[in-house]
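Trainee: Give the three-dimensional model of this entry:
(one chain, ligands or ions: 1)
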Amino acid sequence: MSATDCTSCRRSSNDPAPNLSVTRMTSIVPELTAALAAGRYNASALTEAYLDAIRATNSSVNCYVTVTEEHARAGAADADDRIASGTAGPMTGVPIAVKDLFCTREIRTACGSKMLDNFVAPYDATAVARLKAAGMVLLGKTNMDEFAMGSSNENSFYGPVPNPWDATKVAGGSSGGSAAAVAAGLAPVALGTDTGGSIRQPAALCGISGLKPTYGRVSRFGMVAYASSLDQAGVFGRSVEDIAPILEVIAGFDPQDSTSVDTPVECYAKGLTHAPEKLRIGVPSEFFGEGLDPSVEATVREAIATLESLGGEICEINLPRTALAIPAYYIIAPAECSSNLSRFDGVRYGYRASEAKNLDALYQRSRAEGFGAEVKRRIMVGTYALSAGYYDAYYLKAQKVRRLIAEDFQRALETVDVIVGPTSPTVAFDLGERTDDPVSMYLSDIYTISVNLAGLPALSIPAGFAHGLPVGLQLIGNFFAESTLLRAAHQFQQATDWHSYRPPGVEDVLPHEEGSP
Ligand code: GLN
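Mentor: This is a model prediction of the structure:
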């Protein structure tokens, strides 16, 4: 396998420590699809190589909670048949990891919770069904914060996911397992979900790329619901070249999800090669205020300067209600979660307390024993906010604020094509550092949450390093402007090599090539 030597890349003072390993393969999906098509190795060999690597290191990375060896082997054999018979699609045979929140037939879907530790869904989520139909190979289900509530993956029943760059730090959350799997080279690409930042923030903290599409772009059918008006499925990859073809597979209208939108799916991968448009790029001053680590700010500002040198027209904009996003979200998301999670009652799904004396005790004990502390906190907050007498003061008010936040974005997007800023105010923080302080944990998502409230698409891409750890640049676009975001990011990734850095000791997983010694 050839590695792309990126000699013309920009380098700057925020380079990581010199002992970090650097491979020069900037994207992996184009390499894998080319090798599979040319018969340099087959899907089965590729899958075995990943399964070997997972077996060797997953106990320390803890990114997979279930490794689906048998399904992966069967899927790879199927992919090889399709390739041999000429019926393969472009992604056939490419392995992928899936957050353990997407329902998978015959495979446990635990959603990071003791409550669903024994749950096997009778069907596949639409996104998973589409991956399978495209011939992609499911390697396993990834670790996550319980019911997708968290920013550090420390709320998982299956334990935290250490950051592949530094095992004393968090990988981010809630899709920490998917992000770490890609960063640690244990999956070429992965699916995650993003309700308030759970794709972009772990992507930023793990030094990879992550896309949250427009609300409604990808079906939510078969995703365990957290906050239904905010949840959206998306993709992790090392670069947008890796993400774009997967988005093409999973996006599109689904009659089983009434909030999925019936607009055509674009050729996102091909679109990357179109001549870049001259973009007007807005930099919200509210994204550079108090709480932003100065080294992260310097790195992000340098990335913005790169976008300018590539022809972008930079202007300062305002998103005046940014500070209201966290309070509004932490009313709306818990309110929706308190309703969505009422189905877990010990009767129909998952965990059931033993020897309950009556039905009330069964409900109470099953929920008390099955849910973790953060989930309980949110159910209580949400139930309170929706209760008679408080509904208007909290829930209704939060919905009004949400509308104002969405309007701020629309006003800004009348004058600019893309909004950029930091993804996270800090680099990966210490494991345990914020677990006793929910508010400081919630502040991790200060730049990502408003985007979900507005329903817009956004992307985080590697932009450099601060304190020796990866920093993410966030790009936000208008509804269904995924192709604009991906193109802008691709242009940046062609001019820089931040996405090609791998954590220390991480090698690409590649099978032996046919005909090579
Ligand atoms: N960190 C946020 C929360 O805990 C967002 C989670 C998410 O996007 N799923 O709610």
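Trainee: Could you use CA atoms for every contact and neighbour count after this?
Mentor: Fine.
Trainee: gap between the residue in the chain sticking out farthest from the centre and Gln364?
Mentor: Residue farthest from the centre of the chain, counting by Cα atoms, centre = their mean, is Lys357 at 42.2 Å. Distance, Lys357 to Gln364, using Cα to Cα, to the nearest Å: 11 Å.
Trainee: Now do Glu60 against Cys111, distance only.
Mentor: Actually, residue 60 is Ser rather than Glu. 20 Å.
Trainee: Looking at those two, which is more packed in?
Mentor: Cys111 (29 against 11; other Cα atoms under 10 Å).
Trainee: Next, the more buried one: secondary structure please.
Mentor: coil (DSSP: H, G, I helix; E, B strand; the rest coil).
Trainee: what pLDDT does it get?
Mentor: pLDDT, the model's per-residue confidence, is 98 for Cys111.
Trainee: Now it: closest residue in space that isn't a chain neighbour?
Mentor: Nearest non-adjacent residue to Cys111, counting by Cα to Cα, 6 or more residues apart in numbering: Leu101, 4.7 Å away.
Trainee: Same check on Ser44?
Mentor: Ala76 (4.9 Å).
Trainee: Wait, the one you found touches Lys132, no?
Mentor: No: Ala76 lies out of contact with Lys132 (Cα atoms under 8 Å); the separation is 10.5 Å.
Trainee: Then Tyr394 would be within a strand, right?
Mentor: No: if the criterion is three-state DSSP, then Tyr394 is helix and not within a strand.
Trainee: For it, give me the pLDDT.
Mentor: Here the pLDDT value assigned to Tyr394 is 96.
Trainee: Any idea how many residues pack against it?
Mentor: Neighbours of Tyr394 using other Cα under 10 Å come to 21.
Trainee: Give me the distance between it and Ile446.
Mentor: Using Cα to Cα, Tyr394 is found at 20 Å from Ile446.
Trainee: any common contacting residues for Lys357 and Gln364?
Mentor: Shared contacts of Lys357 and Gln364 (Cα atoms under 8 Å, 6 or more residues apart in numbering): none.
Trainee: Where does pLDDT dip in the protein?
Mentor: Counting by pLDDT under 70, the ranges of the chain that qualify are 1-25, 515-517.
Trainee: interface residues of it facing the ligand?
Mentor: Residues of the chain found near the ligand (Cα under 6 Å from any ligand atom) are Ala148, Met149, Gly150, Ser151, Ser174, Asp194, Thr195, Gly196, Gly197, Ser198, Asp445.
Trainee: List the residues that contact the last one.
Mentor: Contacts of Asp445 were listed using Cα under 8 Å, 6+ apart, and they are Ser151, Gly196, Gly197, Gln201, Ile326, Ser424.
Trainee: now do 7 Å
Mentor: Gly196, Gly197, Ser424 (Cα atoms under 7 Å, 6 or more residues apart in numbering).
Trainee: Out of the residues you listed, name the ones that lie in strands.
Mentor: Using DSSP state E, no member of those sits in strands.
Trainee: For those, which entry has the maximal number of neighbours?
Mentor: Gly196 (33 neighbours).
Trainee: Can you tell me the closest non-neighbouring residue to Gly421?
Mentor: Per Cα to Cα, 6+ apart, closest to Gly421 is Gln474, 5.3 Å.
Trainee: Just the CA atoms of the host helix or strand of Ala361, as CSV, please.
Mentor: Taking DSSP states H and E as the definition, Ala361 sits inside helix 359-370. Written as CSV, here are the backbone C-alpha positions of helix 359-370 (Å, rounded to 0.1, in the frame of the first residue of the first chain):
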residue,chain,number,x,y,z
LEU,A,359,-45.8,-3.9,39.5
ASP,A,360,-44.9,-0.5,41.0
ALA,A,361,-41.9,-2.1,42.7
LEU,A,362,-40.9,-3.8,39.4
TYR,A,363,-40.9,-0.5,37.6
GLN,A,364,-39.1,1.4,40.3
ARG,A,365,-36.4,-1.2,41.0
SER,A,366,-35.8,-2.0,37.4
ARG,A,367,-35.2,1.6,36.6
ALA,A,368,-33.3,2.3,39.8
GLU,A,369,-31.0,-0.6,39.2
GLY,A,370,-30.8,-0.5,35.4
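Trainee: Strands along the stretch 401-517 of the chain, start to end?
Mentor: Listed in chain order, the strands of the stretch 401-517 of the chain (DSSP state E, counting those that start in this stretch) span 418-422, 458-466, 469-476.
Trainee: could you dump those strands to JSON lines with mean neighbour count and distance to Thr26?
Mentor: Formatted as JSON lines, the strands of the stretch 401-517 of the chain follow (neighbours: other Cα atoms under 10 Å; distance: least, Cα to Cα, whole Å):
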{"stretch": "strand 418-422", "mean neighbour count": "25", "distance to Thr26": "22"}
{"stretch": "strand 458-466", "mean neighbour count": "30", "distance to Thr26": "12"}
{"stretch": "strand 469-476", "mean neighbour count": "29", "distance to Thr26": "16"}
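Trainee: okay if I get those as a markdown table plus distance to Val451?
Mentor: Converted to a markdown table, those look like this (distance: least, Cα to Cα, whole Å):
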| stretch | distance to Val451 |
| --- | --- |
| strand 418-422 | 11 |
| strand 458-466 | 7 |
| strand 469-476 | 8 |
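Trainee: Ok, which of these comes nearest Pro320?
Mentor: Nearest of those to Pro320, taken as Cα to Cα: strand 418-422 at 13.9 Å.
Trainee: quick one: the closest one to chain centroid distance?
Mentor: 17 Å (Cα atoms, centre = their mean, to the nearest Å).
Trainee: Which strands and helices lie in contact with that strand?
Mentor: Helices and strands touching strand 418-422, by 3 or more Cα pairs under 7 Å, 6 or more residues apart in numbering; DSSP states H and E, are strand 280-284, strand 469-476.
Trainee: List the pairing partners of the first one within its sheet, with orientation.
Mentor: Spelled out, that is strand 280-284. strand 313-317 (parallel), strand 418-422 (parallel) (DSSP bridges).
Trainee: And the first one, how far out from the chain middle?
Mentor: Right, strand 313-317. Worked out by Cα atoms, centre = their mean, strand 313-317 lies 27 Å from the chain centre.
Trainee: mind listing what's buried in that strand?
Mentor: Buried residues in strand 313-317, counted by 16 or more other Cα atoms under 10 Å: Ile314, Ile317.
Trainee: what's the following helix or strand after that strand?
Mentor: Next element after strand 313-317 (DSSP H and E): helix 325-340.
Trainee: Give me the residues contacting that following helix.
Mentor: 225-228, 378-379, 381-383, 385-386, 394-395, 398, 401-402, 446, 449-450.
Trainee: go on, stretch 349-357?
Mentor: Lys114, Met115, Leu116, Asp117, Asn118, Phe119, Gly346, Leu362, Arg365, Ser366, Gly370.
Trainee: Could you tell me which of those count as buried?
Mentor: Lys114, Met115, Leu116, Asp117, Phe119, Gly346, Leu362, Arg365, Ser366, Gly370.
Trainee: thought the first one was touching Gly370?
Mentor: Yes: taking Cα atoms under 7 Å as the definition, Lys114 is a contact partner of Gly370 at 5.3 Å.
Trainee: quick one: which of Ala76 and Lys132 has more around it?
Mentor: Ala76 (28 against 19).
Trainee: Tell me if that one really is in a strand.
Mentor: No: read with three-state DSSP, Ala76 is helix and lies in no strand.
Trainee: Surely it is in contact with Ala45?
Mentor: No: shown here, Ala76 and Ala45 do not form a contact pair, counting by Cα under 7 Å, at 8.5 Å.
Trainee: Neighbours of Gly291, how many?
Mentor: 12.
Trainee: OK, contacts around it?
Mentor: Counted by Cα under 7 Å, 6+ apart, Gly291 has contacts Pro425.
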